[in-house]
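> A structural model of the following input is requested.
(chains A and B)
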Amino acid sequence: MQPELPTYLPDIGAAGLGLPLRLSASSELIVLAFALTVVFWGVMAAIFIYHWRRFPFDRERLVFGERLFFSVSAAAILVALGGVLTL
Amino acid sequence: MYIPLEQGERVVIKVHRHWFFLATHALLIVLVLVLPFAAYRSLIAYGALAPGGVSAGAAWTLGALWFLVGWTLYFKFWTLYWLDIWVVTDRRLIDIDYRHLFDRDIAILRLDKIQDVQVRVTGVLGNLLKFGAVSVQTAGESREFVIDQIAEPEALRDAIVKGSGASSRVSG
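I've put the predicted structure just below:
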């Protein structure tokens, strides 16, 4: 004789799945993310400078790109740093 | 990289890939940047995430860092875009082909060695936005030099043909 199978699945609801989830990030994790991202940016910026300053053509455009890259990057780093200081 | 021009040599035209490919990449980066914020908002709206789990300072920091990563990756493409160039002088054709930041191929051809120049424009976008490929065949070499996705390929062809006296073909 076959065991009787359930005809429906129980409704465990959002609470059964542990929802809503609560995200949390410790101050140490944020500072680590800040440090790693700035190191990544610094390495890439050095590589960009290496190429931009050695390239023999389109000098004006590369100089403009260099200024734009560093201006916007500096703004983003300052915002991130401001956030870190308020932790 | 040092590519000296010869005494009295004059640059006639410089060409890059079409701006459409730069814009496409920018759009892709913007989408990738916006995606986590949209997902975060949506999960809160559907009740899967509790609001206020991350402090304002942490949110600003993470947002700015995420933007910085996207901005840097965009400039990697921007750099490759502007460094990948064909330069036609009144004597030579200089092809600087950047595949990655530390992987480049530089070819210099004398215009008098060029035998055949072919322009190929394909697809609706290529015809609408006027981008295509130019290939150059040289005398004594089996290698064909090709630059793809460039803006105004006919202008490049005309400059090469004018300087070299080579034959030209249009297809696509």
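> make it CA atoms for all contacts and neighbour counts henceforth
Will do.
> and stretch A:28-37, does that touch chain B?
Yes. Shown here: stretch A:28-37 in contact with chain B (C-alpha under 8 Å from any C-alpha of the partner chain) through A:30, A:33-34, A:37.
> Show me where the chain has its helices.
Going with chain A. Taking DSSP state H as the criterion, chain A carries its helices at A:13-16, A:27-54, A:59-85.
> other chain: chain B
Using DSSP H, helices in chain B cover B:19-45, B:56-83, B:123-129, B:153-164.
> picking up where we left off before, dump the helices of chain A into JSON lines; add mean neighbour count as well.
Output for the helices of chain A, formatted as JSON lines (neighbours: other C-alpha atoms under 10 Å in any protein chain shown):
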{"stretch": "helix A:13-16", "mean neighbour count": "10"}
{"stretch": "helix A:27-54", "mean neighbour count": "15"}
{"stretch": "helix A:59-85", "mean neighbour count": "16"}
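> Can I get those in a markdown table including mean pLDDT?
Output for those, formatted as a markdown table (pLDDT from 0 to 100):
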| stretch | mean pLDDT |
| --- | --- |
| helix A:13-16 | 58 |
| helix A:27-54 | 95 |
| helix A:59-85 | 96 |
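> Return the set of buried residues in stretch B:121-136.
For stretch B:121-136, burial by neighbour count (16 or more other C-alpha atoms under 10 Å in any protein chain shown) applies to B:121-122, B:126, B:130-136.
> hang on, I meant stretch B:22-33
B:22, B:26, B:29, B:33.
> Check what pLDDT the third one gets.
Translated: residue B:29. pLDDT recorded at residue B:29 is 94.
> before we move on, what about the last one?
Reading off the per-residue confidence, residue B:33 sits at a pLDDT of 93.
> can you check the first one too?
With respect to pLDDT, residue B:22 scores 91.
> what sits against it?
Shown in contact with residue B:22 (C-alpha atoms under 8 Å, 6 or more residues apart in numbering or on different chains): B:77-78, B:81.
> ok, which residues in chain B are in contact with chain A?
So chain B meets chain A at B:1-3, B:47-51, B:53-65, B:67-69, B:71-72, B:75-76, B:79, B:82-83 (C-alpha under 8 Å from any C-alpha).
> isn't residue B:160 right up against residue B:88?
Yes. With contacts counted by C-alpha atoms under 8 Å, residue B:160 reaches residue B:88, the gap being 6.8 Å.
> Compare neighbour counts for the two and give me the winner.
residue B:160 (29 against 25; other C-alpha atoms under 10 Å in any protein chain shown).
> Return the distance of that one relative to residue B:99.
24 Å (C-alpha to C-alpha, to the nearest Å).
> ok, now residue B:89?
If you go by C-alpha to C-alpha, the gap between residue B:89 and residue B:99 works out to 23 Å.
> Spell out which residues of chain A are next to chain B.
Counting by C-alpha under 8 Å from any C-alpha, chain A sits next to chain B at A:19-25, A:27, A:30, A:33-34, A:37, A:41, A:44-45, A:48, A:52, A:54-56, A:58, A:62, A:69, A:73, A:76-77, A:79-87.
> Give me the neighbour count for residue B:138.
Based on other C-alpha under 10 Å, the number of other residues close to residue B:138 is 20.
> May I have the residues that are in contact with it?
So residue B:138 contacts B:113-116, B:144 (C-alpha under 8 Å, 6+ apart).
> Go again with 10 Å.
Residues near residue B:138 by C-alpha atoms under 10 Å, 6 or more residues apart in numbering or on different chains: B:109-117, B:144-145, B:166.
> burial measure for the nearest residue to it once chain neighbours are set aside, as a count.
Computed as C-alpha to C-alpha, 6 or more residues apart in numbering or on different chains, the closest residue to residue B:138 that is not its neighbour in sequence is residue B:114, at 4.3 Å. By other C-alpha under 10 Å, 23 other residues sit near residue B:114.
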